[in-house]
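Q: Sequence first, then the predicted structure:
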Amino acid sequence: MIKLQRQLTLEEFLALPEGDITYELIEGEAVPKFKNDEISPKFFHSSITGALFILLSAWAEGKGRVVIEWAIKLTRNQQNWVPVADLTYISYNRLAADWLQDDACPVAPELVIEIISPGQTFGEMTEKATDYLKAKVQRVWIIDTRAKTITIFYPEHALPQTKRGTDSLEDSLLPGLQITPQQIFQQARIC
């Protein structure tokens with residue numbers, strides 16, 4: 001006898017109670033973002049998250065919002081998908097400054113940042129970056145804390161660009177942002 005599991009609707013997923021575990025909606029199932037101690041944020045991950053939040057929030061003042069671990073309502077393979085990015089930037093052009101709801105991000109943001117945790121691979125994160133781009137996110141940064149690199153995925157380019165050291169992260173999508181991987185890693189104090 002085969003028991004079929006019913007898939008969660010977007011509304012059911014978003015109504016789940018908050019707890020100590022962060023879940024993402026993937027193919028109708030609530031999947032823990034961090035599945036075990038091996039894939040949970042460690043010092044480097046947390047330090048980079050904090051550094052990026054400080055640097056990006058200063059730049060985003062008056063332009064948009066930078067949020068840590070905010071669920072985003074997207075679609076993947078024609079199904080509801082609710083990933084929880086490590087950091088998200090969304091401009092006030094996409095989501096008005098007066099939007100104030102305790103809810104998942106209702107539209108695709110300009111920038112999603114994922115930091116590779118121990119136990120995750122660059123390949124897995126590349127697949128997730130591709131899914132973000134297909135869902136209309138404009139830029140995805142994958143940060144490798146061990147290699148001290150930031151790989152940027154663009155919807156209009158087949159190949160991503162990897163930045164390191166003093167390479168500029170300037171981007172026409174993020175006007176006025178002038179930071180480098182080196183600045184981020186120094187701010188996080190993991191150089």
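A: Everything's here; your move. Residues are numbered from 1 along each chain as shown.
Q: Output the below-cut-off pLDDT ranges for the chain.
A: Along the chain, the model assigns pLDDT under 70 to residues 1-5, 19-21, 24, 33-41, 191.
Q: residue contacts, the residue nearest to the spatial centre of the chain?
A: Centroid-nearest residue in the chain: A85, 2.8 Å away (criterion: Cα atoms, centre = their mean). With contact set as Cβ atoms under 8 Å, 6 or more residues apart in numbering, A85 has these partners: 69-70, 72, 109, 112-114, 132. C-beta coordinates here come from the backbone N, C-alpha and C atoms, glycine included.
Q: State the phi and psi torsions of it.
A: phi -70, psi 150 (degrees, to the nearest 10).
Q: what does V140 give?
A: Dihedral pair for V140: phi -130, psi 130, per degrees, to the nearest 10.
Q: Select only the buried ones of the contacts of A85 in PyMOL?
A: Command for PyMOL that selects the buried part of the contacts of A85, burial taken from 16 or more other Cβ atoms under 10 Å:
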select buried, resi 70+72+109+112+113+114+132
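Q: Past the helix ranked longest in the chain, which element shows up next along the chain?
A: If each helix of the chain is counted by residues according to DSSP state H, the longest one is helix 43-60. Per DSSP states H and E, the first helix or strand lying C-terminal to helix 43-60 is strand 64-71.
Q: tell me the angle that next one makes with helix 43-60.
A: 150 degrees (axes from the mean of the first three to the mean of the last three Cα atoms, to 10 degrees).
Q: Now do strand 64-71: which elements does it pack against?
A: Helices and strands touching strand 64-71, as assessed by 3 or more Cβ pairs under 8 Å, 6 or more residues apart in numbering; DSSP states H and E, comprise helix 43-60, strand 84-91.
Q: Identify whichever of the ones you listed lies nearest to I184.
A: helix 43-60 (5.4 Å; Cβ to Cβ).
Q: still on that earlier bit, starting at the chain centroid, how far to the longest helix of the chain?
A: 12 Å (Cα atoms, centre = their mean, to the nearest Å).
Q: angle of that helix against strand 84-91?
A: 10 degrees.
Q: in helix 43-60, what counts as buried?
A: Buried residues in helix 43-60, counting neighbours by 16+ other Cβ under 10 Å, are found at 44-45, 47-49, 51-53, 55-56, 59-60.
Q: ditto for stretch 116-126
A: If you call a residue buried by 16+ other Cβ under 10 Å, then stretch 116-126 has these buried ones: 116-117, 120, 125-126.
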